[in-house]
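Asker: Dropping the sequence and predicted coords here.
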Amino acid sequence: MNKARIKFARLLGFDIPQLSAQIERAKVEAARLQDRFITLENEIARLSAPQVTSPVASESSAKISAAKRLRDLLITLLDRYDLTNGISCDAYCDTPQWHAMAEAQYLEAVVIAHGSGLLSDAQARKRVGAGIARLQAGALQRQPGVFAQWGLGFRWQELPADEPFLVTTALVTRALMAANGLAECADLAREGLQGLARLPQRNVVIEGKNVPLPVYSPNLPEVVDNAVAVWAQVVLGSRNLFEPSDEAMHHATLALKWLESRFLPGLGWAYSIRRPIIDLIHQVYIIEALHVDATASDLELRAIETFAAFRAGEQFIDSMAISSFSAALEAAERSGGHYAMFRGDQVLTASIKPARLWSMGAMLGSFGIFAREGRRRGYWLSQIRRFPLQMLPDRFGADFRQEMHLARGLALAVAALRESKAPDTQKPE
């Protein structure tokens, strides 16, 4: 308040300190209401945007080639994400908001689609630039130029909304490194690497020595196989842009060797030492990480074996849990949603629910990677062409964390189909 107003207020008998405090409270409330207004505007935009129908949903789609159906669906997903600035609900949160993991998958999908000629330079640069800006704004507890971390952005399992997660930060950093050719984001990628280095660690015995590996999050101090896999992939891949420390490179290499040794024949990789759950999407994180390590033996055969373990007729299941015979039977008796499975001498409990959208998308991406770079390309191309599109939803825009996993998988699959001259009848080598 200026001096004239203060003098006038005193003449009227107002309590100046109390009046100033009321004004400050009013300013804070106005700012809160403005933030709420922006949130409501975003939610209204999301809800009022036209529902996007999947290009694979129509009856006539059976007459269209797999390549065209996958390409059309990819463009639909990317356009929808761009239209809504990545705001959606989530499988674990009903409040529409932006998600760092979805952004990471979106950025990689754009980069891959651009490399395949599906997006022009202008289109790709515009979308990548917008995504990088969202990642800068959405980083948790970031210190620009020093470090950045990312997480869910909402409360989950009693963890705070600003809890940084290893897997999210690693996926974002990987995407930033991939996008650096289309936009200058090396500095933010470097901040992501520093953010990964700041996460707590626990020792794991590898080759008889204690090796510090990052835990899932500060408040979930568990070494989780799939999250460690993405971390190791990012650290080893960062040498293309930076000069990571010899110690970090050594630990990442040992982590991949440790993960390779934890393969369960006929199944894949468990969630962690403590939790014998075998989840489809997490198989992909581990397989893709091991793919960057030239020493990984027979990885392609293990990938074929792993994905086959999740197949149930024309569909795929989402997860399995190693169990005892009696426990598997009891689970089936208690719930009609579970059944007993047998893989060699392993007894498992599985859910009858089909694989989730992000699991399907991530797996399709692995098909694409091996179809482009593997020795049995004909086999992987056949899996892309036979991908069960009927398992996908009819409409999109509800959960971008899941849908952008699908977008990245579609981009990799379409790239493989476009690069290949092989006929549908090509047999595996």
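Answerer: Perfect, thanks for sending it.
Asker: drop to CA atoms for contacts and neighbour counts, all remaining ones
Answerer: Fine.
Asker: Residue 112 is in what secondary structure piece?
Answerer: helix 100-115 (DSSP states H and E).
Asker: Now that helix: buried residues?
Answerer: 100-114 (16 or more other Cα atoms under 10 Å).
Asker: between those, which is closest to residue 69?
Answerer: For those, the closest approach to residue 69 (Cα to Cα) belongs to residue 113, at 14.7 Å.
Asker: What helices and strands are in contact with the helix or strand where residue 347 lies?
Answerer: Taking DSSP H and E as the criterion, residue 347 maps to strand 346-351. Counting contacts by 3 or more Cα pairs under 8 Å, 6 or more residues apart in numbering; DSSP states H and E, strand 346-351 packs against strand 319-323, helix 325-334, strand 338-343.
Asker: would you list those in JSON lines and tack on mean neighbour count, distance to residue 412 and mean pLDDT?
Answerer: Below are the helices and strands packed on strand 346-351 laid out as JSON lines (neighbours: other Cα atoms under 10 Å; distance: least, Cα to Cα, whole Å; pLDDT from 0 to 100):
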{"stretch": "strand 319-323", "mean neighbour count": "21", "distance to residue 412": "23", "mean pLDDT": "92"}
{"stretch": "helix 325-334", "mean neighbour count": "15", "distance to residue 412": "37", "mean pLDDT": "86"}
{"stretch": "strand 338-343", "mean neighbour count": "17", "distance to residue 412": "30", "mean pLDDT": "85"}
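Asker: For residue 390, find the nearest of these.
Answerer: Across these, closest to residue 390 is strand 319-323 (Cα to Cα), at 19.5 Å.
Asker: any idea where the strands of this protein begin and end?
Answerer: For the chain, the strands defined by DSSP state E cover 52-53, 87-90, 93-98, 140-143, 147-149, 201-206, 209-214, 277-279, 311-312, 315-316, 319-323, 338-343, 346-351, 395-396.
Asker: Low-confidence ranges, this protein, go.
Answerer: 1-52, 54-63, 294-297, 421-429 (pLDDT under 70).
Asker: Domains in it, by residue range?
Answerer: Domains of the chain are assigned by automatic domain parsing as 1-41, 67-309+355-419, 319-353.
Asker: most packed of the ones you listed?
Answerer: Among the domains of the chain, the stretch with the highest mean neighbour count (mean count of other Cα atoms under 10 Å) is domain 67-309+355-419, at a mean of 20.
Asker: Can you measure across that one, start residue to end residue?
Answerer: Domain 67-309+355-419 has an end-to-end distance of 11 Å (Cα to Cα, to the nearest Å).
Asker: I'd like the strands of the chain as CSV, with distance to residue 194 appended.
Answerer: Compiled in CSV, the strands of the chain are given as follows (distance: least, Cα to Cα, whole Å):
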stretch, distance to residue 194
strand 52-53, 39
strand 87-90, 27
strand 93-98, 23
strand 140-143, 10
strand 147-149, 5
strand 201-206, 14
strand 209-214, 13
strand 277-279, 29
strand 311-312, 39
strand 315-316, 37
strand 319-323, 33
strand 338-343, 41
strand 346-351, 39
strand 395-396, 35
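Asker: nearest to residue 158, of those?
Answerer: Per Cα to Cα, nearest to residue 158 of the strands of the chain: strand 93-98, 12.9 Å.
Asker: Which strands or helices does that closest one pack on?
Answerer: Applying 3+ Cα pairs under 8 Å, 6+ apart, we find strand 93-98 packed against strand 87-90.
Asker: Quick one: residues contacting the closest residue in space to residue 109 that isn't next to it in sequence.
Answerer: Leaving out its chain neighbours, the residue that sits closest to residue 109 by Cα to Cα, 6 or more residues apart in numbering is residue 408, at 4.2 Å. By Cα atoms under 8 Å, 6 or more residues apart in numbering, residue 408 lies in contact with 105-106, 108-109, 112, 361-362, 365.
Asker: Contact partners for the closest residue to residue 271 other than its chain neighbours?
Answerer: With Cα to Cα, 6+ apart as the criterion, residue 271 has its nearest non-adjacent residue at 5.3 Å, and that residue is residue 277. Taking Cα under 8 Å, 6+ apart, we find residue 277 in contact with 270-271, 319-322.
Asker: could you redo those as JSON lines and give each row distance to residue 136?
Answerer: Below are those laid out as JSON lines (distance: Cα to Cα, whole Å):
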{"residue": "270", "distance to residue 136": "33"}
{"residue": "271", "distance to residue 136": "30"}
{"residue": "319", "distance to residue 136": "34"}
{"residue": "320", "distance to residue 136": "37"}
{"residue": "321", "distance to residue 136": "38"}
{"residue": "322", "distance to residue 136": "40"}
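Asker: Closest one to residue 183 out of the contacts of residue 408, please.
Answerer: Of all these, residue 108 has the smallest distance to residue 183: 12.7 Å, by Cα to Cα.
Asker: Tell me the spacing between the closest one and residue 142.
Answerer: Using Cα to Cα, we find residue 108 at a distance of 22 Å from residue 142.
Asker: picking up where we left off before, so can I have TSV of the contacts of residue 408 showing distance to residue 154?
Answerer: What follows is these, written out as TSV (distance: Cα to Cα, whole Å):
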residue	distance to residue 154
105	19
106	20
108	23
109	24
112	29
361	23
362	23
365	27
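Asker: for the residues you listed, which one is nearest residue 209?
Answerer: residue 362 (33.2 Å).
Asker: And the residue nearest the centre of the chain?
Answerer: Centrality entry for the chain: nearest residue to the mean C-alpha point is residue 101, 4.7 Å, by Cα atoms, centre = their mean.
Asker: who's in contact with the residue nearest to that residue when sequence neighbours are not counted?
Answerer: Distances taken as Cα to Cα, 6+ apart put residue 168 closest to residue 101, at 5.6 Å, once the chain neighbours are dropped. Residue 168 makes contacts with 100-101, 150-152, as judged by Cα under 8 Å, 6+ apart.
Asker: quick one: which of those residues is nearest residue 382?
Answerer: Set against residue 382, the nearest of those by Cα to Cα is residue 101 (29.3 Å).
Asker: how much space between residue 359 and residue 349?
Answerer: On the measure of Cα to Cα, residue 359 and residue 349 end up 18 Å apart.
Asker: Likewise for residue 73?
Answerer: Residue 73 is 33 Å from residue 349, by Cα to Cα.
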